[in-house]
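Engineer: sequence and predicted structure, then a few things I'm wondering about:
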Amino acid sequence: MELLNRISRLVRANVNSLVNGAEDPEKALQQAMIEMQQDLVSLRQAVAQAIATQKRTERQSQQALSIAEEWHARAQMALQKGEEASAREALIRSQTHRQTAQTLSAQITQQTAIVQTLKTNLFTLERKIADARTQRDMYIARARAAQSSARLNEMLTKVGNVGATNAFERMESRVLDLEAQAEIADTFAVDPLDQQFSQMEKQLQIDGQLAQMKTQIKAQIKGR
């Protein structure tokens, strides 16, 4: 993820600049914390967007199921009036919306996993920033007390060995794995033969539902 790449580069760049004496140590650390906090805000926005997408997909799935039920009821009404062609068309539409709901349900499962991973990454980043803030405060306190460049260089070496860069790189790897898994789902092509048999199965389902409705209607008529 570019966001985590930028954070990693940010940490390395400030440490290097401090070691080279190109910037005031306290000012450089303060700027680093400001930029990390901005990146945290961006990640929180990404989590919010992922949750919004999930909820929107859930609403679309529920709406598709509701429409499917409406068309099924219309098919029954048409068949009761002897309009078999209209009933068949209504059943086709009902089945189409039901399949849409199934597709959206699969997307919801994927989106749920994405949201959970993003939340985990957000929690990790928040914890790392809190650790960095503590380290910053300690570093500034020691920098103000330092009396020589030798003491400052020793302190900067300790900061460089904290391992924050490795932590961000591990977070980046996890996010990239998630993105790769999401892309795999889009790479599969539709098999024409499988699609042909799928259409045949749909037709058989429609014929079966029509036959069942006819039987029910005949039974209702006889019961009168």
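Structural biologist: Right, received. Where do you want to start?

Engineer: low pLDDT regions in this protein?
Structural biologist: Along the chain, segments meeting pLDDT under 70 span 1-26, 140, 143-172, 175, 178-192, 194-195, 224.

Engineer: could you pull out the helices for the protein?
Structural biologist: For the chain, the helices defined by DSSP state H occupy 2-19, 25-80, 84-145, 149-160, 164-184, 192-223.

Engineer: mean neighbour count added to those, as a markdown table?
Structural biologist: Any C-beta I mention is one placed from the backbone N, CA and C, and that applies to glycine too. Below are these laid out as a markdown table (neighbours: other CB atoms under 10 Å):
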| stretch | mean neighbour count |
| --- | --- |
| helix 2-19 | 17 |
| helix 25-80 | 15 |
| helix 84-145 | 16 |
| helix 149-160 | 14 |
| helix 164-184 | 15 |
| helix 192-223 | 11 |
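
Engineer: and the protein, what are its domains?
Structural biologist: Domain assignment of the chain by automatic domain parsing yields the ranges 2-188, 193-224.

Engineer: identify the residues contacting residue 100.
Structural biologist: Contact partners of residue 100, counting by CB atoms under 8 Å, 6 or more residues apart in numbering, are residue 64.

Engineer: from residue 107, how far off is it?
Structural biologist: 11 Å (CB to CB, to the nearest Å).

Engineer: do residue 193 as well
Structural biologist: Distance, residue 193 to residue 107, by CB to CB: 26 Å.

Engineer: before we move on, what about residue 72?
Structural biologist: In terms of CB to CB, residue 72 sits 23 Å off from residue 107.

Engineer: what's the answer for residue 117, then?
Structural biologist: 16 Å.

Engineer: wait, doesn't residue 88 sit right on residue 206?
Structural biologist: Yes. Proximity of residue 88 to residue 206 meets the contact threshold set by CB atoms under 8 Å, at 6.3 Å.

Engineer: now residue 83. Its backbone dihedrals?
Structural biologist: Main-chain torsions, residue 83, degrees, to the nearest 10: phi -100, psi 80.
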